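Enquirer: Next come a sequence and a model predicted from it.
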Amino acid sequence: MATRLRKTRKFRGSRNHGWGQVAQHRASGHKGGLGQSGMLKHHFSTMLKEDPKHFGHNSNNPPTRNIIKKWVGVRDLDDLYLRSG
């Protein structure tokens, strides 16, 4: 919408810009809450469409991965190489 057609420009001097006495259009309830509120309720379909990886993790990449590290000294490298060859 062009700036010259906006309500805020037309009501520049008024306090609530045509939204009543107690500034109804200002509250967080008019946009469905603040932040991530409603992701499991009224914003669920929007979340699935725009951010499908919002919850959890991928099963192929578990959060607690068991990595076994085997340490080898430089002195042992010749023995390992000769045994495998």
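Expert: Sure thing, it's come through.

Enquirer: Average pLDDT for stretch 44-58, rounded please.
Expert: What stretch 44-58 shows for mean pLDDT is 84.

Enquirer: typed the wrong thing, it's stretch 63-74
Expert: Here the average pLDDT along stretch 63-74 is 83.

Enquirer: Any idea how far apart the tips of it sit?
Expert: One end of stretch 63-74 sits 33 Å from the other (CA to CA, to the nearest Å).

Enquirer: Who are the contact partners of the residue nearest the centre of the chain?
Expert: Most central in the chain under CA atoms, centre = their mean is residue 54, positioned 6.1 Å from the mean C-alpha point. Neighbouring residues of residue 54 by CB atoms under 8 Å, 6 or more residues apart in numbering: 39, 47. The C-beta positions use only the backbone N, C-alpha and C, and glycine is treated the same way.

Enquirer: Check which helix or strand it maps to.
Expert: For residue 54, there is no host helix or strand (DSSP states H and E).
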